[in-house]
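> here is my input, please return the structure:
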Amino acid sequence: MRVASTPTCCGRRSSKADGVHLAILSARTGWHTDELCRALAERGHTAVVSRYEELRASIGGDSASGLQLTSADVRTPDAVLARIIPNGSLEQIIFRLDALHWLEARGVPVMNAPKAIERTVDKFYTSALLHDAGLPTPETVVCEDLTTAMVVVRRMGDVVIKPIFGSMGHGLVRVTDPDVAFRVLRPLEQTRAVFYVQEAIDHDGRDIRAFVVGDRVIGAIERRAPPGDWRTNVSRGGSARAVDLCDADRDLALRAAAAVGADYAGVDLLPARDGRMFVLEVNGIPGWQGLQRATGIDVAGMIVEQLTATAGRVTDRLPCRLSPA
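This is a model prediction of the structure:
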C-alpha cells in the first residue's frame, strides 16, 4: 500500500526497528488528525494522512496485485487508522470498505476493523447486535411500510424517528402526534427510505458518552441538551462534564463495544428517569473533542497506543505492494 499524492506527514522518520508507520485515512485534515499526529510523534512513530479518493487497487496483470495510495511517500504502513468514511455514492462507500477489508485480509491491522464500521454506521444493525448481546436497548421497529410505521407510532405514543445512517443528531425527529408523524414519514416513503422508529425514553435531557479503547473505558462525560432541545449532542450546543461510571455502566459500555467488534468506540448510555440504563448507540468512528476538553484525557494517545501495540504483534502478512502511481 502506498500513501497519498498530497499527504500530510507527521512524526519523525523511523525504521521498522524503532517506530511504527501508520496510514490515517480521513476525509480531511483537522483537529482529530492533528491530535493523532501529535500523539504519534510524541511516541516516536510516523504517519501520513490520506484521502479515500486516492485509493487505487491493482489486480492481476504483469505486476503484483495490491492496494495503493498515490504519493511520493512509499513506505509500507504497519497499520491503518480509518478515521472517517466520507460521504459518497453507494459504489464509492462500498469500494472504500472493500479496500479496508482487503488490507485486513493481507495482514495489515485496520482500526476500527471494516466489519465494525459497517455495523456501527447502520443503526438497525447496531440495535440488533446490542439486543442479541443481551444489552438493554429501547424498543425499536425498522420497516419499509408506511402503514406499519404508523401503527407503531400510535402504539408507542412517544417516538424518535431516525435515519438508518447518520450522526451528531442530524435527521432525528421526536413526535407524539400521529398526524405530525405522518407528515414526517410520508416524504421519507417517497424517497424509499427505511423507517427506524424507536421508543422515546424520558431521560431528563441528558445522556452519557463512554469512550472505550481496547478493553477499558478511558473516560466518560454526561451531556445535557441545550435549552429547548432534547438532543444532547455537543455538536448541537449540548454541554458536557466529566463523570465517573459505576461498575455496571462501565460493563455495559465494554459489552456494547465488544458486540459490534470495535477496538475503540463512543458508547451512548441513556439513563431513564425511572433508574433504568439503556445502551442507545455505538459510534465506531467517534469524535472526542468534547470528551477531551471535559476530562483532560489524552484520547488520541490512547488510540495510538492501542493501534501501535496491535501493529507490533503482527508477524505474518501477505505482500502489500508499494510502487509509484
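> now C143: phi and psi?
phi -160, psi 170 (degrees, to the nearest 10).
> where does the stretch 1-150 of the chain have low pLDDT?
For the stretch 1-150 of the chain, the stretches flagged by pLDDT under 70 are 1-18, 62-65, 69-75.
> what about 80?
For the stretch 1-150 of the chain, the stretches with pLDDT under 80 are 1-18, 60-76.
> can you check the stretch 151-300 of the chain too?
166-171, 204, 225-239.
> if we go by neighbour counts, what in stretch 108-124 is buried?
Across stretch 108-124, burial judged by 16 or more other Cβ atoms under 10 Å covers 108-123. From N, CA and C alone the C-beta is placed, and that goes for glycine too.
> how's this protein carved up into domains?
Domain segmentation of the chain under automatic domain parsing yields 8-112+306-313, 122-136+203-284, 140-199.
> between those, which one is nearest to A294?
domain 122-136+203-284 (4.6 Å; Cβ to Cβ).
> and for L291, the neighbour number?
For L291, the neighbour count with other Cβ atoms under 10 Å is 24.
> cool, and G275?
Neighbours of G275 using other Cβ under 10 Å come to 6.
> now it: how far from D268?
Computed as Cβ to Cβ, to the nearest Å, the G275 to D268 distance reads 18 Å.
> what do you get for E199?
In terms of Cβ to Cβ, E199 sits 15 Å off from D268.
> of those two, which one has the most company?
D268 (21 against 17).
> now the helix or strand that contains the more buried one - C-alpha only, PDB.
If you go by DSSP states H and E, D268 is part of strand 264-271. Output in PDB follows, covering the C-alpha atoms of strand 264-271 (Å, rounded to 0.1, in the frame of the first residue of the first chain):
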ATOM      1  CA  TYR A 264     -12.400   1.900  20.100                       C
ATOM      2  CA  ALA A 265     -15.800   3.400  20.300                       C
ATOM      3  CA  GLY A 266     -18.100   6.100  21.700                       C
ATOM      4  CA  VAL A 267     -20.900   4.300  23.500                       C
ATOM      5  CA  ASP A 268     -24.100   6.300  24.300                       C
ATOM      6  CA  LEU A 269     -25.800   5.300  27.500                       C
ATOM      7  CA  LEU A 270     -29.300   6.700  28.200                       C
ATOM      8  CA  PRO A 271     -30.300   6.900  31.900                       C
END
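> who does the following helix or strand past that strand touch, helix- and strand-wise?
As assigned by DSSP H and E, the chain's next helix or strand after strand 264-271 is strand 277-283. Using 3 or more Cβ pairs under 8 Å, 6 or more residues apart in numbering; DSSP states H and E, the elements in contact with strand 277-283 are helix 123-132, helix 247-260, strand 264-271.
> now, of these, which is deepest in the fold?
For the helices and strands packed on strand 277-283, average neighbour numbers computed from mean count of other Cβ atoms under 10 Å are highest in strand 264-271, which has a mean of 23.
> which residues touch that one?
Contacting residues not belonging to strand 264-271 are listed as 111-112, 116, 120, 138, 201, 203-204, 206-214, 249, 252-253, 256-257, 277-284, 286-288, 291, 303, 306 [Cβ atoms under 8 Å, 6 or more residues apart in numbering].
> quick one: it to chain centroid distance?
Its chain's C-alpha centre and that of strand 264-271 lie 11 Å apart, by Cα atoms, centre = their mean, to the nearest Å.
> cool, stretch 266-275 as well?
Distance, stretch centre to chain centre, for stretch 266-275: 19 Å (Cα atoms, centre = their mean).
> straight-line length of it, end to end?
22 Å (Cα to Cα, to the nearest Å).
> do I have it right that V243 meets E222?
Yes - with contact defined as Cβ atoms under 8 Å, V243 reaches E222; the gap is 4.7 Å.
> list residues touching both of the two?
I208.
> quick one, helices of this protein?
31-42, 90-105, 114-120, 123-132, 146-156, 178-190, 247-260, 289-295, 299-313 (DSSP state H).
> nearest to L81, out of those?
helix 299-313 (6.0 Å).
> show me which residues of that closest one are buried.
By 16+ other Cβ under 10 Å, the buried positions in helix 299-313 come out as 299-308, 310-311.
> mind saving the C-alpha coords of that helix as CSV?
Only the C-alpha atoms of helix 299-313 are listed here, as CSV (Å, rounded to 0.1, in the frame of the first residue of the first chain):
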residue,chain,number,x,y,z
VAL,A,299,-7.6,10.3,23.9
ALA,A,300,-5.5,10.3,20.7
GLY,A,301,-2.6,9.0,22.7
MET,A,302,-4.6,6.0,24.0
ILE,A,303,-5.9,5.3,20.5
VAL,A,304,-2.4,5.4,19.1
GLU,A,305,-1.1,3.1,21.8
GLN,A,306,-3.9,0.6,21.1
LEU,A,307,-3.2,0.5,17.3
THR,A,308,0.6,0.5,17.5
ALA,A,309,0.6,-2.3,20.0
THR,A,310,-1.6,-4.3,17.6
ALA,A,311,0.7,-3.5,14.7
GLY,A,312,3.8,-4.6,16.7
ARG,A,313,2.2,-8.0,17.3
